[in-house]
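# Show me the folded form of this:
(one chain, ligands or ions: 1)
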Amino acid sequence: MALKQHEGMTVMYTALGSEWRPFGHPRRKRPMHSVVLKAGLAERILQDCLDFIDNPQWYTERGIPYRRGYLLHGPPGCGKSSYIMALAGELEYNICVLNLSERGLTDDRLNHLLSVAPQQSIILLEDIDAAFSSRADTPTQKAAYEGLNRVTFSGLLNCLDGVASTEARIVFMTTNYLERLDSALIRPGRVDFKEYVSYCDQEQIERMFLRFYKGEAAAKHSKLFAEKVTAIAKNVSPAQIQGYFMFHKHSTPEDVLTDVESIWTLG
Ligand SMILES: Nc1ncnc2c1ncn2[C@@H]1O[C@H](COP(=O)(O)OP(=O)(O)OP(=O)(O)O)[C@@H](O)[C@H]1O
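Down below sits the predicted model:
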C-alpha cells in the first residue's frame, strides 16, 4: 500500500537516533535528462550501477562484499546532488542521507544505521571532506575537527568496509574538495567509481539552453548562446546557467543572447 502510494516518487530518509525516518514528503522522481552532465557521464554512472545491481553472483563467487562506492567531486552547483536524485529515481531506489558532521553520531550508531538502511536505497554521504581532516593536516587542524565530530575516521572506514548485505548496497559520497580527502577513504573497495563533475562545456550549455527554450529557432539560438558564454572564458556552473534562464523566463531570445555577462553577476 505504502509502496504503491510512493510509486514514481523518491523518498529521502535521514537518521533519527538509531532509525531512518522519511524526511519531508516523497519527491517526484527527477528525470535523468533534466540533469545535464558532460556528454556520456550520466549514462556511464547509470550503466555501472545497473551492472552492479544485476550481478550479485559475480561478487559472492569471488568472496567480494556486495557493495559499490561512488565519489562525485567538483565545484558547487554542477549537479552532483541533482544527479544522485535522478539516478535514484531511475533505479527505483530511495536515498538515505547521512551528515557525518552531526554531533552525537558515534561510530556505533553509524555502523548500526548502515546495517539497517531501508532496502533499495542509496546511502548518500554529502560533503565528505567537511567531516574529517586529512592525514596531511597539522595537529591543530586535526584537534579542531575532532572537537566537532563524534564519528572517527577509522570508524567510518570500518563502517564502509562493513557495509554489505545480501542486496546491492550503493554508497555515494560527494565533495567539492577531492584534495582534502584522505587517500584511505577513496581507495578501491571504498570508492570504486570516481568522477569529476565539472563546470559546463560548450555542448552542455547548448543542452541547458534547449531544456529551457523551445521552438524552431531554439537550436540556432542554443549554439549562439553557448558560443557567447564560452567566449567569455570564465567557469560557469549549470546552477548559474539555470539562474540566468530563470531570470530571463519571459525575455525574448535576443535578450537572452545579449545579456550573457550577467550570468556571473546574478548572485
Ligand atoms: N548538471 C546540471 N544540470 C541541470 N541542472 C543543474 C545541474 N547542476 C546543477 N543544476 C541545478 O543547480 C542547482 C544546484 O545543483 P546541485 O545541488 O545538484 O549541485 P551540486 O553539484 O550538488 O552542488 P554542491 O557541491 O554545492 O552540493 C539545482 O537546482 C540544479 O537543478
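# Residue of this structure nearest the ligand, please.
Gly79 (2.8 Å; CB to the nearest ligand atom). C-beta: built from backbone N, CA, C; applies to glycine.
# Can you verify my assumption that that residue contacts Ser34?
No - counting by CB atoms under 8 Å, Gly79 stays clear of Ser34, with 9.7 Å between them.
# who has more neighbours, these two?
Gly79 (26 against 12; other CB atoms under 10 Å).
# can you tell me which residues contact that one?
Contact partners of Gly79, counting by CB atoms under 8 Å, 6 or more residues apart in numbering, are Val35, Val36, Leu37, Val197, Pro238, Ala239.
# Can you give me the distance of it to Ser251?
Separation of Gly79 from Ser251 (CB to CB, to the nearest Å) stands at 24 Å.
# Quick one: mean pLDDT for stretch 154-172?
Mean per-residue pLDDT for stretch 154-172: 83.
# and what of stretch 13-23?
93.
# Can you get me the start-to-end distance on that stretch?
5 Å (CA to CA, to the nearest Å).
# what's next to that stretch, contact-wise?
Applying CB under 8 Å, 6+ apart, the set of residues contacting stretch 13-23 is 11-12, 94-99, 102, 105, 109, 112-113, 116-118, 121.
# Quick one: buried ones out of those residues?
Among the contacts of stretch 13-23, those buried by neighbour count (16 or more other CB atoms under 10 Å) are 11-12, 94-98, 102, 105, 109, 112-113, 117, 121.
# Residues touching the helix or strand encompassing Asn158, excluding its own?
In this structure, Asn158 sits in helix 153-162 according to DSSP states H and E. Here helix 153-162 makes contact (CB under 8 Å, 6+ apart) with 65, 69, 100, 106-107, 110-111, 114-115, 131-133, 171, 182, 184-185, 189-190.
# Next step: the contacts of stretch 13-23 restricted to strands.
Of the contacts of stretch 13-23, the ones assigned to strands by DSSP state E are Met12, Asn94, Ile95, Cys96, Val97, Leu98, Ser121.
# Closest one of those residues to Thr152?
Lowest distance from Thr152 to those (CB to CB) belongs to Leu98, with 14.9 Å.
# With adjacent residues omitted, what lies nearest to that closest one?
Closest residue to Leu98 apart from its sequence neighbours, by CB to CB, 6 or more residues apart in numbering: Leu125 at 5.4 Å.
# ok, now which ones touch that neighbour?
Going by CB under 8 Å, 6+ apart, the list of residues near Leu125 reads Leu98, Leu100, Ala131, Val171, Phe172, Met173, Thr174.
# What residues does the chain have near the ligand?
Within reach of the ligand by CB under 6 Å from any ligand atom, the chain has these residues: 35-37, 76-82, 176, 238-239, 242.
# Surely Leu110 and Arg150 touch.
No - when contacts are counted by CB under 8 Å, Leu110 is not listed as touching Arg150 (9.1 Å).
# Show me which of those two is the more surrounded one.
Leu110 (24 against 17).
# what ranges do the strands span in the stretch 101-250 of the chain?
121-125, 169-175, 193-196 (DSSP state E, counting those that start in this stretch).
# Distance to Leu46 for those strands - can I get that in CSV?
Formatted as CSV, these follow (distance: least, CB to CB, whole Å):
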stretch, distance to Leu46
strand 121-125, 12
strand 169-175, 12
strand 193-196, 11
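# Residues in contact with whichever strand or helix holds Phe52: which ones?
Using DSSP H and E, Phe52 falls within helix 41-54. Helix 41-54 has contacts (CB under 8 Å, 6+ apart) with 32, 35, 68, 70, 83, 86-87, 90-91, 168, 170, 193, 195, 197.
# Lowest pLDDT pick from these?
pLDDT across the contacts of helix 41-54 is lowest for Ala168, at 85.
# and that one, how many residues sit next to it?
Residues near Ala168, counting by other CB under 10 Å: 20.
# Kindly provide the distance from it to Cys49.
8 Å.
# Could you tell me which residues touch both of these two?
Arg68.
# so which pair among the ones in strands among the contacts of stretch 13-23 is furthest apart in space?
Maximum distance among these (CB to CB): 13.5 Å, for Asn94 and Leu98.
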